[in-house]
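> I'll drop the sequence and a predicted model, then ask my questions.
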Amino acid sequence: MGKSSKEFCGRCTQGTDRVRGACSACGKPDRVLDHHRVCKWCRRYSRRQCVDCGRTPNQARTIGPTQLCDHCTLRRALDHIIPAQPAGLLAPLRPVILAAEPLTTRRWLARHADLLTAWSVPDKVDSCLGCEFKYVSVA
C-alpha cells in the first residue's frame with residue numbers, strides 16, 4: 001500500500017506537480033517544462049537577441065543598452081579601427097578579420113588597435129613604426 005502525500009515531507013513532494021518531458025526547442029529529454037513546453041535554458045536564451053542581425057546567441061554581449069552576438073560585436077569593434085568606408089590601406093584585411101573566430105579576434109584587436117589605426121592612415125605609418133618606412137617596388 002502506497003503512502004499518501006501527507007506522510008512525505010515538503011522536500012519530498014516539492015516539484016511533483018511540474019510537467020516534465022522533452023523540450024520543444026532543444027529536444028533534450030526529461031526537462032522541467034513551462035506551459036509552452038520549453039525548458040528554462042531555452043527560455044533564457046530566447047530572450048537574448050542580437051539587435052543588429054537578429055540571431056539568438058548562447059552568450060550575448062551587452063554594449064550600452066543593446067545585446068549583440070559575437071560576430072556583430074567584432075564588426076562594431078572593427079568599424080572603429082578599420083572603417084568600411086572610405087577604403088584605406090587595410091581595407092582588404094577587413095573581410096578576413098570578420099571571417100575569423102570573433103572572440104579571439106576581438107581580444108587581438110583590443111591589444112593591437114593602436115597599430116592598426118595608425119596603419120589605416122598612410123601618413124601615420126612612419127611614426128607608428130618608429131623609423132622611416134619606404135615603399136619598395138620589385139620589378
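Perfect, thanks for sending it. Given the structure is predicted, the values throughout are model-derived calculations rather than measurements.
> run through the helices of the protein in chain order.
Along the chain, the stretches classed as helices by DSSP state H are 10-13, 40-46, 70-81, 93-99, 102-120, 125-129.
> distance to R61 added to those helices, as CSV?
C-betas here are computed from N, CA, C, even on glycine. Formatted as CSV, the helices of the chain follow (distance: least, CB to CB, whole Å):
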stretch, distance to R61
helix 10-13, 39
helix 40-46, 14
helix 70-81, 5
helix 93-99, 16
helix 102-120, 9
helix 125-129, 29
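> which of these sits closest to A22?
Among the helices of the chain, the nearest to A22 by CB to CB is helix 40-46 (11.4 Å).
> please spell out which residues along the closest one are buried.
Going by neighbour count (16 or more other CB atoms under 10 Å), the buried part of helix 40-46 is C42, Y45.
> R20: which of the helices of the chain is closest?
That would be helix 40-46 among the helices of the chain, by CB to CB, at 12.2 Å.
> quick one: that closest one to chain centroid distance?
Taking CA atoms, centre = their mean, to the nearest Å, one finds helix 40-46 lying 16 Å from the centre of the chain it belongs to.
> what sits against the residue minimising distance to the centre of the chain?
Against the mean C-alpha coordinate of the chain, by CA atoms, centre = their mean, the closest residue is D70 at 2.4 Å. When contacts are counted by CB atoms under 8 Å, 6 or more residues apart in numbering, D70 touches P57, Q59, R61, P102, L103, R106.
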